[in-house]
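**Q** Kindly return the folded structure for what I paste below:
(chains A and B)
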Amino acid sequence: MSQARDDAAFLSRNAVDCLPGGALEDKLGGGRPLRVKLGLDPTAPDIHLGHVVVLQKLREFQDRGHLVVLIVGDYTARVGDPSGRSSTRPQLSGEEIDANARTYQEQAFTVLDPARVEVRRNSEWLDMPMEDLFRLTRTATVAQLLERDDFAKRYAAGTPISILELLYPMMQAYDSVAVESDVELGGTDQKFNLLLGRDVQRAYGRPEQVVLTMPILPGVDGERKMSKSLGNHIGVSEPPEEMYGKTLRIPDTAMALWYDLLLGESLPADLGPRDAKHALARRLVERFHGEPAAHDAAAHFERVVIQRDAPDDMPEHALALNGEPVHLPAVIADAFGLSRSEARRMLGQGAVKLDGTALGADDLDVPGDRLDGAVLQVGKRRFCRLVST
RNA sequence: GGGCGGAUGUCCGAGUGGUUAAAGGAGACGGGCUGUAAACCCGUUGGCUAUGCCUACGCAGGUUCGAAUCCUGCUCCGCCCA
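**A** Model prediction:
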């Protein structure tokens, strides 16, 4: 029993809520591996560091012998979690969902132990007859659903709430019934949905799950929740240099929280903010790409961003030279995915360098022999080597 | 069923006949500065075969020398009353 108490204390550490009090310890005391649920929405197929906070917690459960039930919300994705914003999302095709689900698993497995995961899709059970939907929807009332913070606000403000949106928490809750979850994890913004899972499980005569919520990781802007749609995320499969640079971009004020939530450590007191941030970036890259990549990413940053030199290796851009002068905006546009008008503006702004020499707005046509093998640079970070075909 | 309001560039949002490729803000990008890809300052931000041309203000027509702005029809959305 004291083992259960220790485990419960460990597993609920740095969680915001672990509800109801004592329930986790009771479940752990049952001696049986627990089924720990996490639902992922397969619309945006990228696991980012915000997910990692929760995935790490799942990993801790796995390391103590428990089973993670990963639910791919292929059916709920049709609804879209109504978290504040406009409701309808584009419907995904079966192939897209398959592809996204695969990506998700792959990326989630950078944190989770694949040997202790059960992956399920909620279309397995949510595509139910109307009669079953009646049974499900009878288990909650409108007043209950309107307790949810964002629904309450929208209702008070007179902004529309579709029935479909109201149904979303019900479907998520039913997932818990279907997979017989003992524990469900989520960010604090999921608290309502997770708790509703308990109500619905009870209504179906099942044991109620423990609700464990983790703090929300702020994005690279240091303020808003990390999310792909806000563009303030760092994906776990992003290239090492990106991951490193983006981490360095976070405001100093967010560092302590990142250390805490991602590394499980407190901000090192003996390091200054600059060194602490570099250390953080390095640790994160190391974690997802390994030590050599972390080392290279740090060197790359030092070289490209701080020293402003060209990186060791850069993409090559093939060029057909025939002795004629080459129209530079076209080359820039092709090499970096800009429009030609944009490329001209870059030239005008002194952003384009050829072998380290800045070019100007008048350098529209350049002799071909000047380009072969040269390094073309736009801005501080975009490089490519021009190669004659 | 009735009444009212709306649809503008990546997003938010001004603009009610003519220097409007369309104010302002956000974002993004570029330059400066910096421990930083932060903050701050300055600039850019539809496309192109480029001192000009083309495309753009929900969709389709119409009025006019000229329309994002006026008229007609259509589509979609919101609010209120029942």
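**Q** From now on I want contacts and neighbour counts done on CA atoms only, so please keep to that.
**A** Fine.
**Q** quick one, helices of the stretch 201-350 of chain A?
**A** In chain order, the stretch 201-350 of chain A shows helices spanning A:240-249, A:252-258, A:273-289, A:291-301, A:328-336, A:340-348, with DSSP state H, counting those that start in this stretch as the criterion.
**Q** mind listing the strands in the stretch 1-150 of chain A by residue range?
**A** Taking DSSP state E, counting those that start in this stretch, the strands of the stretch 1-150 of chain A run over residues A:17-19, A:35-40, A:67-72, A:117-121.
**Q** I'd like the ones you listed as CSV, with mean neighbour count and distance to RNA strand B appended.
**A** What follows is the strands of the stretch 1-150 of chain A, written out as CSV (neighbours: other Cα atoms under 10 Å; distance: least, Cα to the nearest atom of the strand, whole Å):
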stretch, mean neighbour count, distance to RNA strand B
strand A:17-19, 19, 31
strand A:35-40, 23, 25
strand A:67-72, 24, 28
strand A:117-121, 17, 29
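**Q** Confidence-wise, which of those is weakest overall?
**A** Averaged per stretch, pLDDT over the strands of the stretch 1-150 of chain A is lowest on strand A:17-19, reaching a mean of 86.
**Q** Listing partners with orientation, what would you give for it?
**A** Looking at strand A:17-19 with DSSP bridges, its partner strands are strand A:210-214 (antiparallel).
**Q** The partner strand versus strand A:35-40: what angle between them?
**A** Orientation check (axes from the mean of the first three to the mean of the last three Cα atoms, to 10 degrees): strand A:210-214 against strand A:35-40 gives 50 degrees.
**Q** Name the residues of strand A:210-214 that come out as buried.
**A** Residues of strand A:210-214 classed as buried: A:210-214 (neighbour count, 16 or more other Cα atoms under 10 Å).
**Q** who touches that strand?
**A** The contact list for strand A:210-214 (Cα atoms under 8 Å, 6 or more residues apart in numbering) reads A:12, A:14-20, A:23-24, A:53-54, A:182-188, A:190-191, A:194-195, A:198.
**Q** Ramachandran coordinates for the residue of chain A most remote from its centre?
**A** The outermost residue of chain A, judged against the average C-alpha position, is A:Gly323 (48.5 Å), by Cα atoms, centre = their mean. The phi and psi torsions at A:Gly323 (degrees, to the nearest 10) take the values phi 90, psi -20.
**Q** which ones are touching the nearest residue to it once chain neighbours are set aside?
**A** Distance criterion Cα to Cα, 6 or more residues apart in numbering; nearest residue to A:Gly323, sequence neighbours excluded, is A:Gly368 at 6.0 Å. When contacts are counted by Cα under 8 Å, 6+ apart, A:Gly368 is found next to A:321-326.
**Q** What values do phi and psi take at A:Gly368?
**A** Recorded main-chain torsions at A:Gly368 are phi -60, psi -40, according to degrees, to the nearest 10.
**Q** same deal with A:Glu238?
**A** Per-residue torsions, A:Glu238: phi -70, psi 150 (degrees, to the nearest 10).
**Q** Distance check, it against A:Gly245.
**A** Distance of A:Glu238 to A:Gly245, given as Cα to Cα, to the nearest Å: 11 Å.
**Q** Please apply the same query to A:Met214.
**A** Counting by Cα to Cα - A:Met214 and A:Gly245 are separated by 26 Å.
**Q** Residues of chain A that sit close to RNA strand B?
**A** A:158-160, A:241-246, A:248-252, A:273-274, A:277, A:301, A:305-306, A:330, A:339-342, A:344-346, A:349-352, A:378-382 (Cα under 7 Å from any atom of the strand).
**Q** Mean pLDDT per helix and strand in chain A: which one sits at the bottom?
**A** Least confident helix or strand of chain A, by mean pLDDT, DSSP states H and E, is helix A:149-157 with a mean of 71.
**Q** Quick one: the helices of the stretch 201-350 of chain A as JSON lines, columns for distance to A:Thr43 too.
**A** Formatted as JSON lines, the entries for these read as follows, by distance: least, Cα to Cα, whole Å:
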{"stretch": "helix A:240-249", "distance to A:Thr43": "22"}
{"stretch": "helix A:252-258", "distance to A:Thr43": "26"}
{"stretch": "helix A:273-289", "distance to A:Thr43": "23"}
{"stretch": "helix A:291-301", "distance to A:Thr43": "29"}
{"stretch": "helix A:328-336", "distance to A:Thr43": "28"}
{"stretch": "helix A:340-348", "distance to A:Thr43": "31"}
